[in-house]
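[1] Here is my input, please return the structure:
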Amino acid sequence: MFKRRSPEAPESPPEVVKPGGKGRPTPKRSEAEKRRRQPITAPSTRKEAYKRARERQAGERVKAKQGMVKGDDKYLLKRDKGPVRKLARNYVDARRTFGSYLMYALFAVVILSLMPIPAARLMGLFAPPVVLLVVLAEGVFLSRGVKKLASERYPDDDQRGVGLYAAMRAMQIRRLRMPAPAVKLGEKDRV
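    Down below sits the predicted model:
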């Protein structure tokens, strides 16, 4: 059934590597494991084990945050992933929006309402609804623009919620947006 090899049988000829191949034979499992092995130093105490785990997790968090800031798709949250969301981010980041100054405007309204001048207090009373209406209108226009552009460029991709995503991003202070803006203000050719 099975033939035994005789001890004097010639060794097989070296393998010919095809052009465009990896240029070497596949290593045996034992050889690959030997190369991968690193000396394992087990922690001597439970306290040391926790310390190592915390250090490893901190390193992973730093790496994930850097990836998120750069906009690396691997590290983004689910709500930020995909070409449609990237288009929405670039669409918003290329424009100067009133919504990004909303927090500053509301802070100024609070200061106005604390002043002892009656006209300033009156302005502090009527300004918040006006500011919020302007931001809401701007969000609607941004939402419609992003939806239209996304349906033109990515008709087959999922576009649910992209308008609200763009409107919410427009209300964030530009420096605090995550992922960080990839386009500069006024750079609409990259959108």
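[2] from here on, contacts and neighbour counts on C-alpha atoms
    OK.
[3] Now whichever helix or strand Ala105 is part of - C-alpha only, CSV.
    Element membership of Ala105, judged by DSSP states H and E, is helix 102-114. Extracted in CSV, the C-alpha atoms of helix 102-114 (Å, rounded to 0.1, in the frame of the first residue of the first chain):
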residue,chain,number,x,y,z
LEU,A,102,-23.4,78.8,18.7
MET,A,103,-21.8,78.2,22.1
TYR,A,104,-20.0,81.5,21.9
ALA,A,105,-23.2,83.3,21.0
LEU,A,106,-25.1,81.7,23.9
PHE,A,107,-22.3,82.6,26.3
ALA,A,108,-22.6,86.2,25.1
VAL,A,109,-26.4,86.1,25.6
VAL,A,110,-25.8,84.9,29.2
ILE,A,111,-23.4,87.8,29.8
LEU,A,112,-25.9,90.3,28.3
SER,A,113,-28.7,89.0,30.6
LEU,A,114,-26.6,89.5,33.7
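[4] name the helices or strands packed onto that helix?
    helix 118-153 (3 or more C-alpha pairs under 8 Å, 6 or more residues apart in numbering; DSSP states H and E).
[5] What is the subsequent helix or strand relative to the helix it packs on?
    Criterion used, DSSP H and E; the element after helix 118-153 is helix 162-170.
[6] What residues sit buried inside that following helix?
    Using 16 or more other C-alpha atoms under 10 Å as the test for burial, helix 162-170 gives Val162, Gly163, Leu164, Tyr165, Ala166, Ala167, Arg169, Ala170.
[7] same thing with stretch 79-86?
    Asp80, Val84, Arg85, Lys86.
[8] pLDDT (mean, whole number) over it?
    Here stretch 79-86 scores 88 as its mean pLDDT.
[9] Any idea how far apart the tips of it sit?
    11 Å (C-alpha to C-alpha, to the nearest Å).
[10] hmm, who's touching that stretch?
    By C-alpha atoms under 8 Å, 6 or more residues apart in numbering, the surrounding residues in contact with stretch 79-86 are Asp73, Ala150, Tyr154, Asp157, Asp158, Gln159, Val162, Tyr165.
[11] Please report the distance of the fourth one from Thr41.
    In other words, Asp157. 48 Å.
[12] more crowded one of those two?
    Asp157 (12 against 6; other C-alpha atoms under 10 Å).
[13] what's the more buried one in contact with, if anything?
    Val84.
[14] Likewise for the one 5 residues further on?
    Going by C-alpha under 8 Å, 6+ apart, Val162 touches Val84, Arg85, Ala88, Ser143, Val146, Lys147.
[15] And for Lys65?
    For Lys65, counting by C-alpha under 8 Å, 6+ apart, the contacting residues are Tyr75.
[16] Repeat that for Gly163.
    So Gly163 contacts Ala88, Leu142, Ser143, Arg144, Val146, Lys147 (C-alpha under 8 Å, 6+ apart).
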